[in-house]
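Would you be able to build a 3D model of this:
(one chain, ligands or ions: 1)
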Amino acid sequence: MLMPHQTVRQIPIAQPTVDYTPRLHVAIISDGNGRWATSKGLPRSAGHRAGAETVRRVVTAAPRMGIHTLTLFALSSANWKRPDVEVQGILRLLHEYLLTETTHCIDEGVRLSIIGRRDRLPATLRQAVADSEAATARGTRLHLRLAVDYSAREAIYHAACRFYKVTELSPESFSTVLAEVLRGGSTEVDLLIRTGGEQRLSDFLLWECAFAEFVFLQKRWPDFTAEDLEAAVMEFNRRERTRGALPDAIAG
Ligand code: FPP
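Presented below is the predicted three-dimensional model:
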């Protein structure tokens, strides 16, 4: 969604086959890694590794579909309840991703941010996050936000505590405070995709998804392709978004 201070910037799209809505914020709950691995007789860690490959594919494909912000749920704060070996494995994958993909992000004009708590991440990972964010800060083609140790409720709670001291009280100024808490911004989600067959939000972007369109897919995250992303964007484009108003045809 465009905020009042934003202007539409046409993103050069290589040989477009469809007329995409420009400048979408797409958020993805990348679910199903574990079941994907188990169904193949592999350890769950193999599912997360395959999931990281999907992240690479999706990040490469997103800008040509008019996506300007892509937020991926890499690790929920609730995931600390999993065995330590699994959580540490995901954090290691994330670290590896930052080390291998930062140059690629710079080349592709991708700005990378982490949203979520940082204080529980290993110090070396925190440093890698800071380095990647600084190195990619000038990217304008795509804002890639990885939600790590993220809980929407917790972020809203912390923003509310800070907001208490803010003098200009409005939904917009609350969003500004929330963006500060998250560090990687807080922009309204246009399209939320969840893979893996479940149909819930799981404490993801509760404030930002107020008017989001949802697409739920059976497909597990490691099997998710650029074509699936494209199909979800096309489905989004077919939906009429009234935001509580009347559809154009009735409103006259
Ligand atoms: C959900 O699948 C996925 C996660 C909890 C971790 C997501 C991790 C990645 C996509 C890879 C790491 C990310 C980057 C950017 C390198 P699940 O484990 O809940 O699957 P299940 O529901 O089948 O058990």
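
so how far is Met65 from Arg111?
As judged by CB to CB, to the nearest Å, Arg111 and Met65 stand 17 Å apart. Glycine gets a C-beta too; all of them are placed from N, C-alpha and C.

same question but for Trp36, I mixed them up
With distances taken as CB to CB, Trp36 is found 24 Å from Met65.

Ok, Ala27 next?
According to CB to CB, Ala27 and Met65 sit 14 Å apart.

Of these two, which one has the most company?
A direct count of neighbours by other CB atoms under 10 Å for Ala27 and Met65 places Ala27 higher, at 25 against 22.

What values do phi and psi take at that one?
phi -120, psi 140 (degrees, to the nearest 10).

Can you name the residues of the stretch 101-250 of the chain that neighbour the ligand?
146, 196, 221 (CB under 6 Å from any ligand atom).

and the last one, what does it touch?
Yep, that's Trp221 we're talking about. Applying CB atoms under 8 Å, 6 or more residues apart in numbering, we find Trp221 in contact with 30-33, 36, 51, 54, 195-196.

Which residue, neighbours along the chain excluded, lies closest to His104?
For His104, ignoring the flanking residues on the chain, the nearest one in space by CB to CB, 6 or more residues apart in numbering is Val110 at 7.8 Å.

Pull the number of nearby residues for the one you found.
Applying other CB under 10 Å, we find 22 residues neighbouring Val110.

Tell me where the model's unsure across the stretch 101-250 of the chain.
Scanning the stretch 101-250 of the chain for pLDDT under 70 picks out 249.

What segments of it are strands?
110-115, 142-150, 191-194, 213-216 (DSSP state E, counting those that start in this stretch).

Could you export those as JSON lines, including distance to Ser77?
JSON lines is the format used below for the strands of the stretch 101-250 of the chain (distance: least, CB to CB, whole Å):
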{"stretch": "strand 110-115", "distance to Ser77": "12"}
{"stretch": "strand 142-150", "distance to Ser77": "5"}
{"stretch": "strand 191-194", "distance to Ser77": "18"}
{"stretch": "strand 213-216", "distance to Ser77": "22"}
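
By proximity to the ligand, which residue of this structure wins?
Nearest residue of the chain to the ligand: Gly34, at 2.6 Å (CB to the nearest ligand atom).

In which helix or strand does that residue reside?
Assigned by DSSP states H and E, Gly34 belongs to helix 33-39.

Give the buried residues for that helix.
For helix 33-39, burial by neighbour count (16 or more other CB atoms under 10 Å) applies to 33-37.

Take those and lay them out in TSV including pLDDT.
Converted to TSV, these look like this (pLDDT from 0 to 100):
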residue	pLDDT
Asn33	98
Gly34	97
Arg35	98
Trp36	98
Ala37	98
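
what sits opposite Thr69 in the beta ladder?
His25, His143 (DSSP bridges).

Give me the local confidence score for it.
We note a pLDDT of 96 for Thr69 in this prediction.

That one touches Val59, doesn't it?
No: counting by CB atoms under 8 Å, Thr69 stays clear of Val59, with 11.8 Å between them.
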